[in-house]
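1. Here's my sequence, what's the structure:
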Amino acid sequence: MKIFADTSKVEEIREFASWGIIDGVTTNPKIIASDGNELEPTIKEICKIVPGPVSVEVTTNDFEGMVKEGTAYAAWAKNIVIKVPVIPAGLKATVALKAKGIKTNVTCAMSYNQAVLAAKAGATYVSLFYGRIGDLGYDPFIVIKDTAETFRLWGCKSEIISGSMRSLLDVNRSMQAGAHIVTVPPKFLRQMAENPQTEKTVNEFLEAWKGIKKK
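-> Residues are numbered from 1 along each chain as shown. Model prediction:
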């Protein structure tokens with residue numbers, strides 16, 4: 001089980017990396033824009049902090065444009081993974097980038113069928129969007145579970161990333177469904193480490209120890 005941080009905020013990534021709990025980072029144009037960051041310097045800094053995969057998404061749906069952007073981004077650091085959309089041109093770009101030795105994260109998959117096609121095209125990672133699949137009226141747990149089982153039966157090398165987390169329950173269910181990786185926003189990473197009963201118990205122990213020391 002791997003956890004990727006779903007953010008482009010360098011200080012947050014640095015903090016989570018110090019906890020020893022993140023295996024990589026995912027970004028997309030919306031995250032970069034929302035965080036108010038410049039793409040190239042931000043990604044290069046993240047790659048220095050996290051030795052694992054750092055996903056950078058192309059900003060075009062044109063095949064040639066995707067290959068050109070992906071090739072340029074991949075040159076920034078050895079651990080960069082190129083995110084391409086699971087559309088026909090994106091599948092084509094996945095093949096072309098793989099031929100160049102560039103790892104890919106085929107993203108925005110909303111169905112079992114799309115995930116299968118992404119794997120067939122040679123995706124290093126296949127991103128199924130848990131929350132958005134639920135929005136369509138399907139059970140994302142079942143979609144991820146069935147995809148993971150098929151990949152296992154085939155001996156498929158592509159790893160499933162579960163993204164679009166809407167709650168901590170989505171994170172938990174993604175893990176239980178068999179996703180190889182869950183990409184988790186900072187809010188939920190902190191929630192995973194916190195529990196009011198834990199805080200209460202730790203404080204009780206500390207207070208008891210203070211009382212013993214005074215005696």
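2. And what about the residue nearest the centre of the chain, helix, strand or coil?
-> Nearest to the mean C-alpha position of the chain, counting by C-alpha atoms, centre = their mean, stands residue 183 at 3.2 Å. With DSSP: H, G, I helix; E, B strand; the rest coil as the basis, the three-state label of residue 183 is strand.
3. May I have the residues that are in contact with it?
-> Under the criterion of C-beta atoms under 8 Å, 6 or more residues apart in numbering, the contact partners of residue 183 comprise 3, 4, 5, 6, 26, 127, 161, 162, 163, 165. The way it works is simple: take the backbone N, C-alpha and C, and place the C-beta from them, glycine included.
4. now the helices for this structure?
-> In the chain, the segments counted as helices under DSSP state H are 10-19, 29-35, 39-49, 63-74, 88-99, 112-120, 130-135, 140-154, 168-177, 186-193, 196-214.
5. Of all the ones you listed, which one comes closest to residue 80?
-> Nearest to residue 80, of all the helices of the chain, is helix 63-74, at 5.3 Å by C-beta to C-beta.
6. Could you list everything the residue nearest to the centre of the chain pairs with in the sheet?
-> Note on residue 183: beta-bridge partners residue 4, judged by DSSP bridges.
7. can you put the helices of the chain in a markdown table and add mean pLDDT and mean neighbour count?
-> As requested, the helices of the chain are arranged in a markdown table below (pLDDT from 0 to 100; neighbours: other C-beta atoms under 10 Å):
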| stretch | mean pLDDT | mean neighbour count |
| --- | --- | --- |
| helix 10-19 | 97 | 15 |
| helix 29-35 | 88 | 13 |
| helix 39-49 | 96 | 17 |
| helix 63-74 | 98 | 19 |
| helix 88-99 | 98 | 19 |
| helix 112-120 | 98 | 20 |
| helix 130-135 | 98 | 18 |
| helix 140-154 | 98 | 18 |
| helix 168-177 | 98 | 18 |
| helix 186-193 | 96 | 15 |
| helix 196-214 | 85 | 9 |
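8. will you turn those helices into TSV that also has distance to residue 105?
-> As requested, the helices of the chain are arranged in TSV below (distance: least, C-beta to C-beta, whole Å):
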stretch	distance to residue 105
helix 10-19	17
helix 29-35	14
helix 39-49	14
helix 63-74	11
helix 88-99	9
helix 112-120	9
helix 130-135	15
helix 140-154	15
helix 168-177	16
helix 186-193	19
helix 196-214	34
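9. so which of those helices comes closest to residue 57?
-> With C-beta to C-beta as the measure, helix 29-35 is the member of the helices of the chain nearest residue 57 (5.8 Å).
10. Give me the distance between residue 197 and residue 172.
-> The spacing between residue 197 and residue 172, counted by C-beta to C-beta, to the nearest Å, is 17 Å.
11. wait, residue 59
-> Residue 59 sits 32 Å away from residue 172 when distances are taken as C-beta to C-beta.
12. For residue 161, give the beta-bridge partners.
-> Once the bridges are assigned, which here means DSSP bridges, residue 161 pairs with residue 127, residue 181.
13. so what's it up against?
-> Contacts were defined as C-beta under 8 Å, 6+ apart; by that measure residue 161 touches 4, 26, 105, 125, 126, 127, 128, 179, 180, 181, 182, 183.
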